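J.: Compute the structure for the input listed below.
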Amino acid sequence: MSLRRLLLKTAIGLTLAGSAYAQDVAHGSIQMNQVGFLTLGPKRATAVETGQVPLAWRVINANDEVVAQGETRPRSFDGTAGVSVHDLDFSTVRTAGTGYRLQVGEQTSRPFVVADRPFQTLTRDSLIFFYQNRSGIPIAAEHVERADLARPAGHPLDRATCFSGPDIRGNIWPGCDYTLDVSGGWYDAGDHGKYVVNGGIAVWTLLNACERARVRGIDPAFPDGTADIPEAGNGVDDLLDEARWELEFLLRMQVPDRASAEVPVGRFATNQPLTFTRIDAGGLVHHKVHDVQWTPLPTAPGDDPELRYLYAPSTAATLNLVAVAAQCARLWREIDPVFARTCLMAAERGYAAAQRHPDLYAVGSFDGGGDYGDDDLTDEFYWAAAELFVTTGRDEYLTALKAEAGPPTGGQISSDGIPDISWNAVRMLGAISLATVPNRLSSSDREHIQRGLVEQARAYLAEGETQGYGLPFAGPDYSWGSNAILLNRAIVLGVAHDVTGEPAFANGVVAALDYILGRNPLDQSYVTGYGDRPMRHPHHRFWAHSLDAAYPEPPAGILSGGPNNRNMSDPVAMTMRGTCAPQTCWRDDIQAFSQNEVAINWNAPLVWVVSYLDRR
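T.: A predicted model of the protein is given here:
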């Protein structure tokens, strides 16, 4: 064995010490997108290599003919990955085909594909995730890839009243005198809870993909029948059909007019007893509905034995409904005018209620579900006002935008001023709608927002130049749901490409997806059913075959939350604490909920990104 090969084997072994798989050095030293490359798109790979001398590389086709060649670019040591790497660009390969291989020094990659639409099936499967996580409807064998994925309806009649009694911190909640039918919607992640703030951003992302397709002249985004869902054949874009399932649930979470509730008003320290105030709750939206205690792994939704409750209305949940209901009102205006009017009425009621009660914060004092607390609601107010303004063009919402952001231009949007898109950081969502959807904003204000978005996207690309794998995220920390953070950045890059036409932004989208699908130090595809080394054991109560053979393995198209070196709270991650580089703090284990959870607000940006690349 040569010294170079020995060093290479040692480097890979150290990098993957925490991996769930044994590594094939001959392939794992060359890391690339394991699904395929766009015929006319960028094609890049990473080679694990300790030396700083460029290495010769070549691409050979299925007939062993050399079709491209060059030298690698040494990138030195990548602290977030824990290895030294070289990268290389073989974008000159522009002939569709299978059986290509990349040779770098003494190493040879797995065969790979170049195609016009390599992500076409992934686009479909990533959307099917939402159907298979529907609440209130049987998941039928005729609509899933394997018969064992079918299941009875979970919570077919999901009626709940407000939580009452003591929470885990000893506060005595008074409950309420009404019960709501909150059937339908999507289960949030691996549990049986349904959360408005996660549902809101997931719906917005799907609807924005649809709205972008309309604006770009590639409507429908998902032609009727693209997705295998019960609504296929109704003449409506399948993306809209799927989003509507969640939208109708979100509408059901709104408090009826003239109803009252006793809730905490204002901020409370975690060690401070709560004080309850009776308010006019009409138009507000309950933060979430979930079981009174966590169900065990595994548990099918239809077997859930726990009592379920509504948890107190929050301003954040209310503004989430406002934003996506305003989106709904314009997207369904021609398709279903009655539904569009229902959405607009709910949005306007919710906005008025949030203005009456701007300081109702989620309280994290309950078992059985996630907290989703958020102490800064200025971004939610901005997002809600932006969507209402785009839909209605009314001056009152323009005035609200001015109040929330100075000029209605999203002036805070800059490389150092706006957080990454997340369920608790939604200002960018409003900015994207204002910048890309036709509306009454002045051309100068619209251009200012677009410049801010482009500035943000350039900052993401600049981060890609600072670390070995070229992804538009430099770290150094990888937090819970890091894969979704990266894909949400890819959405901003895609919008910047739409605005400017600059190829670098579209290439940045590809770089993000390359990482998700295998160009990473674990040589891991983080999507079930895709790539040579796909994720297989998500944290999920029904897709739990690794715990109980009576339960199914997951379907294809499901995104793992990804590496997490910041919150290593599950029993698997605890054993890795302090032993893994940030990009390698991940295990394909159903018990690793801080690293291998799945969620609606993570698969939604996957849908956006793969559909963008598939049909842009």
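J.: quick one: low-confidence ranges for the protein?
T.: By pLDDT under 70, the weakly predicted segments of the chain are 1-27, 405-418.
J.: can you point me to the longest helix in it?
T.: Ordering each helix of the chain by length in residues (DSSP state H) puts helix 443-464 first.
J.: by contact count, what packs against whichever helix or strand comes after it?
T.: The C-terminal neighbour of helix 443-464 among helices and strands, as given by DSSP states H and E, is helix 482-500. Contact here means 3 or more Cβ pairs under 8 Å, 6 or more residues apart in numbering; DSSP states H and E; on that basis helix 482-500 packs against helix 196-215, helix 427-436, helix 443-464, helix 503-516, helix 600-615. C-beta: built from backbone N, CA, C; applies to glycine.
J.: Nearest to Pro582, out of those helices?
T.: The minimum distance between Pro582 and the helices and strands packed on helix 482-500 falls on helix 503-516, with 13.0 Å, by Cβ to Cβ.
J.: Check which helices and strands the helix or strand just after that closest one sits against.
T.: Past helix 503-516, further along toward the C-terminus, the next helix or strand under DSSP H and E is helix 571-574. Helices and strands touching helix 571-574, by 3+ Cβ pairs under 8 Å, 6+ apart, are helix 593-596.
J.: who does the helix it packs on touch, helix- and strand-wise?
T.: Using 3+ Cβ pairs under 8 Å, 6+ apart: helix 593-596 touches helix 571-574.
J.: Could you check the helix it packs on and say which residues are buried?
T.: In terms of neighbour count (16 or more other Cβ atoms under 10 Å), helix 571-574 has its buried residues at Val572, Ala573.
J.: where along the stretch 1-150 of the chain do the helices fall?
T.: Per DSSP state H, counting those that start in this stretch, the stretch 1-150 of the chain carries helices over the ranges 3-15, 25-28, 120-132.
J.: For Trp543, list the residues it contacts.
T.: Tyr551, Pro552, Glu553, Pro554, Pro555, Ile558 (Cβ atoms under 8 Å, 6 or more residues apart in numbering).
J.: Tell me the one of these nearest Glu447?
T.: Looking at these and their distance to Glu447, the nearest is Ile558, at 39.1 Å (Cβ to Cβ).
J.: my guess is the closest one meets Val598, correct?
T.: Yes: counting by Cβ atoms under 8 Å, Ile558 touches Val598, with 5.3 Å between them.
J.: between those two, who's got more neighbours?
T.: Each of Ile558 and Val598 has its neighbours counted (other Cβ atoms under 10 Å); Ile558 has more, 27 against 24.
J.: Phi, psi for that one please.
T.: phi -100, psi 130 (degrees, to the nearest 10).
J.: Give me the phi and psi for the closest residue to it other than its chain neighbours.
T.: Nearest residue to Ile558, sequence neighbours excluded (Cβ to Cβ, 6 or more residues apart in numbering): Thr528, at 4.3 Å. Main-chain torsions, Thr528, degrees, to the nearest 10: phi -60, psi 140.
J.: circling back: how about the helices and strands packed on helix 482-500, which one is nearest Asn63?
T.: For the helices and strands packed on helix 482-500, the distance to Asn63 is smallest for helix 503-516, at 25.9 Å, taking Cβ to Cβ.
J.: Quick check: buried residues in the closest one?
T.: Neighbour-count burial for helix 503-516 flags Phe505, Ala506, Asn507, Gly508, Val509, Val510, Ala511, Ala512, Leu513, Asp514, Tyr515, Ile516 (criterion: 16+ other Cβ under 10 Å).
J.: Which one of those is nearest to Leu88?
T.: Leu88 lies nearest to Asp514 out of the buried residues of helix 503-516, by Cβ to Cβ, at 12.7 Å.
J.: Hmm, the closest one is touching Leu38, no?
T.: No: with contact defined as Cβ under 8 Å, Asp514 does not reach Leu38; the gap is 10.9 Å.
J.: List just the nearest of the buried residues of helix 503-516 to Tyr195.
T.: Using Cβ to Cβ, the shortest approach to Tyr195 within the buried residues of helix 503-516 belongs to Ile516, at 23.8 Å.
J.: Let me see the contact set for that closest one.
T.: For Ile516, the contact set (Cβ under 8 Å, 6+ apart) comprises Asn483, Leu486, Leu487, Ser525, Tyr526, Val527, Leu559, Gly562, Leu606.
J.: Now do the second one: how many residues are near it, please.
T.: Leu486 sits with 24 neighbouring residues when counted by other Cβ under 10 Å.
J.: so how far is Thr108 from it?
T.: To Thr108, Leu486 is 28 Å away according to Cβ to Cβ, to the nearest Å.
J.: ranges for the strands of the stretch 151-300 of the chain?
T.: Secondary structure of the stretch 151-300 of the chain, counting by DSSP state E, counting those that start in this stretch: strands at 159-161, 164-166, 172-174, 179-181, 194-195, 260-264, 276-280, 285-291.
J.: Point out the most buried one among these.
T.: Between the strands of the stretch 151-300 of the chain, strand 194-195 has the highest mean count of neighbours, a mean of 30, where neighbours are mean count of other Cβ atoms under 10 Å.
J.: quick one: that one to chain centroid distance?
T.: Centroid displacement of strand 194-195 relative to its chain, using Cα atoms, centre = their mean, to the nearest Å, is 15 Å.
J.: so what secondary structure elements neighbour it?
T.: With contacts taken as 3+ Cβ pairs under 8 Å, 6+ apart, strand 194-195 sits against strand 285-291.
J.: Give me the phi and psi for Pro256.
T.: Per-residue torsions, Pro256: phi -60, psi 160 (degrees, to the nearest 10).
J.: With Ala354 instead?
T.: phi -70, psi -30.
J.: still on that earlier bit, list the buried ones in the longest helix of the chain?
T.: Neighbour-count burial for helix 443-464, with 16+ other Cβ under 10 Å as criterion, is recorded at 445-446, 448-458, 460-461, 463-464.
J.: And that helix, what does it pack against?
T.: Contact analysis of helix 443-464 by 3+ Cβ pairs under 8 Å, 6+ apart lists helix 427-436, helix 482-500, helix 503-516 as its packing neighbours.
J.: quick one, that helix and helix 503-516 angle?
T.: Calculated by axes from the mean of the first three to the mean of the last three Cα atoms, to 10 degrees, helix 443-464 forms an angle of 50 degrees with helix 503-516.
J.: got the CA coordinates for helix 443-464 in PDB?
T.: Once non-C-alpha atoms are left out, helix 443-464 reads as follows in PDB (Å, rounded to 0.1, in the frame of the first residue of the first chain):
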ATOM      1  CA  SER A 443     -40.700  49.600  -8.500                       C
ATOM      2  CA  SER A 444     -37.900  51.200  -6.400                       C
ATOM      3  CA  ASP A 445     -39.000  49.500  -3.200                       C
ATOM      4  CA  ARG A 446     -39.400  46.100  -5.100                       C
ATOM      5  CA  GLU A 447     -35.900  46.500  -6.500                       C
ATOM      6  CA  HIS A 448     -34.500  47.300  -3.100                       C
ATOM      7  CA  ILE A 449     -35.900  44.100  -1.700                       C
ATOM      8  CA  GLN A 450     -34.500  42.200  -4.600                       C
ATOM      9  CA  ARG A 451     -31.100  43.700  -4.100                       C
ATOM     10  CA  GLY A 452     -31.200  42.600  -0.400                       C
ATOM     11  CA  LEU A 453     -32.100  39.100  -1.400                       C
ATOM     12  CA  VAL A 454     -29.300  39.000  -3.900                       C
ATOM     13  CA  GLU A 455     -26.900  40.400  -1.300                       C
ATOM     14  CA  GLN A 456     -27.900  37.600   1.100                       C
ATOM     15  CA  ALA A 457     -27.400  35.000  -1.700                       C
ATOM     16  CA  ARG A 458     -23.900  36.300  -2.500                       C
ATOM     17  CA  ALA A 459     -23.000  36.000   1.200                       C
ATOM     18  CA  TYR A 460     -24.100  32.300   1.100                       C
ATOM     19  CA  LEU A 461     -21.900  31.700  -2.000                       C
ATOM     20  CA  ALA A 462     -19.000  33.400  -0.300                       C
ATOM     21  CA  GLU A 463     -19.400  31.000   2.600                       C
ATOM     22  CA  GLY A 464     -19.000  28.100   0.100                       C
END
